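A.B. asks: sequence first, predicted model second:
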Amino acid sequence: MTTADNEELLSPKNNIAVRVLLIDDQRIIAEAFRRMVMDDAEIEMHYCSDPSRALIEVQSFRPTVILQDLVMPDVDGLSLLKQFQKDKEARSIPVIVLTTKEDPKIKSEAFAMGASDYLVKFPDKIEVIARLKAHSRSYLAQQQRDAAYKDLTQLKAELERKNRELEVLSCRDALTGILNRRGFDNYLSKEWYRAIREKKNLGLLIIDVDFFKPFNDNYGHQQGDLCLQQIAVALEAGLKRASDVVARYGGEEFSVVLPNTNMEGALLIAETVREFVEALLIKHEYSKVSDVVTVSIGVMCLQPVADDALESLIARADKALYHAKHSGRNRCCTYQPELEKCSS
């Protein structure tokens, strides 16, 4: 039977809710089912006389339920059920198998192969329509649930992506693009506990721009912002390892976290970044230590243990910075125990 014959036998209707794909090699069977559903505006039936084309017809017609004979030439009905189960699109479509006799063994095999229902030829018209509609409703409801779940999954993934972006943005300083205080706290905390686990040193630099207030007051906030941006770039340029991270600590203060770094190494890095900032040659007529912008740096390093407080690392680096500022500025000072006697 040609495609044209099929379309003539089973013509489409409007307002379709039930799309039935009938797979049977006998035209008389197709005509019988056509007569059963012809007066129901909700049902459209498409006839496939060649079971080898069944999967092609599924893809083109997109049925909501399949009526399939179990006994056909060339293709065994149970094998066709197996083919449906292997196909991504067809496996979810309910299949009602048709047979000429009531046989529990055949029924069991059909259900095991994925059949959804079982009808003996010829069933009552009311029963056929009721089953076609019931299976179609169930299939469409499942499709709607699957679509809703897919949309929800995509929405959740998008929300998680946005949240990750917001988390990154929330840890970045809007002016300089480097880590802000929140990002610094998170990173320092992570490296602190890593140092405890791995019994490694952890270094910290706290950096203050010398006489930044008179710079800002005299050159203006726009130039002050530009100055901070250039300093941030210079500080990052002075770091060689990906694990060494610079952050804007607050106002005109910056910090650098130096994992697995001893005091000697931390001091070397501090001198490098101090020189990088000075080499920017940003004019500063109102500084008391230089005619260009400079920085003072406090350096602290320790190998933390479980009983230590992270705040002690910050406090000691801050003590060292205080000493650098009160020793003439534009210099780096390491923490020494005697600095505890200095007042902040």
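C.D. replies: Happy to help now that I have it.
A.B. asks: ok, now which ones touch Ser296?
C.D. replies: Shown in contact with Ser296 (Cβ atoms under 8 Å, 6 or more residues apart in numbering): Ile207, Asp208, Asp210, Leu321, Ala324, Lys325, Arg329, Asn330, Arg331, Cys332, Cys333. Glycine gets a C-beta too; all of them are placed from N, C-alpha and C.
A.B. asks: how about Ile206?
C.D. replies: Counting by Cβ under 8 Å, 6+ apart, the residues that Ile206 touches are Tyr249, Glu253, Phe254, Ser255, Ile297, Gly298, Ile314, Ala317, Asp318, Ala320, Leu321.
A.B. asks: what residue spans form the domains of the chain?
C.D. replies: As assigned by automatic domain parsing, the chain contains the domains 3-146, 181-341.
A.B. asks: could those go into a markdown table alongside mean pLDDT and distance to Lys156?
C.D. replies: Below are the domains of the chain laid out as a markdown table (pLDDT from 0 to 100; distance: least, Cβ to Cβ, whole Å):
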| stretch | mean pLDDT | distance to Lys156 |
| --- | --- | --- |
| domain 3-146 | 82 | 15 |
| domain 181-341 | 95 | 24 |
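A.B. asks: select, out of those, the one closest to Ala157.
C.D. replies: Nearest of these to Ala157, taken as Cβ to Cβ: domain 3-146 at 16.3 Å.
A.B. asks: coming back round to it: quick one: which of the contacts of Ile206 sit in strands?
C.D. replies: Among these, the residues falling in strands (DSSP state E) are Tyr249, Glu253, Phe254, Ser255, Ile297, Gly298.
A.B. asks: can you pull out the helices in the protein?
C.D. replies: 3-9, 27-37, 54-61, 77-86, 104-112, 125-170, 181-198, 212-219, 221-237, 263-278, 310-325 (DSSP state H).
A.B. asks: as CSV, the domains of the chain with distance to Glu167 would be great.
C.D. replies: As requested, those are exported to CSV (distance: least, Cβ to Cβ, whole Å):
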stretch, distance to Glu167
domain 3-146, 31
domain 181-341, 10
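A.B. asks: select, out of those, the one closest to Arg161.
C.D. replies: domain 181-341 (19.2 Å).
A.B. asks: and the closest one, how far from the chain's centre?
C.D. replies: On the basis of Cα atoms, centre = their mean, to the nearest Å, domain 181-341 sits 35 Å off its chain's mean C-alpha point.
A.B. asks: show me what contacts Ile282?
C.D. replies: Counting by Cβ under 8 Å, 6+ apart, Ile282 makes contact with Cys227, Gln230, Val292, Val293.
A.B. asks: whichever of those residues end up buried, select them in ChimeraX.
C.D. replies: Only the buried entries of the contacts of Ile282 go into this ChimeraX selection, using 16 or more other Cβ atoms under 10 Å:
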select :227,292,293
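A.B. asks: quick one: which two of the contacts of Ile282 are the most distant?
C.D. replies: Gln230 and Val292 (11.4 Å).
A.B. asks: excluding its backbone neighbours, what's nearest Asp217?
C.D. replies: With Cβ to Cβ, 6 or more residues apart in numbering as the criterion, Asp217 has its nearest non-adjacent residue at 7.9 Å, and that residue is Tyr286.
A.B. asks: give me the distance between the one you found and Glu109.
C.D. replies: 94 Å (Cβ to Cβ, to the nearest Å).
A.B. asks: do the same with Glu340
C.D. replies: Counting by Cβ to Cβ - Glu340 and Glu109 are separated by 87 Å.
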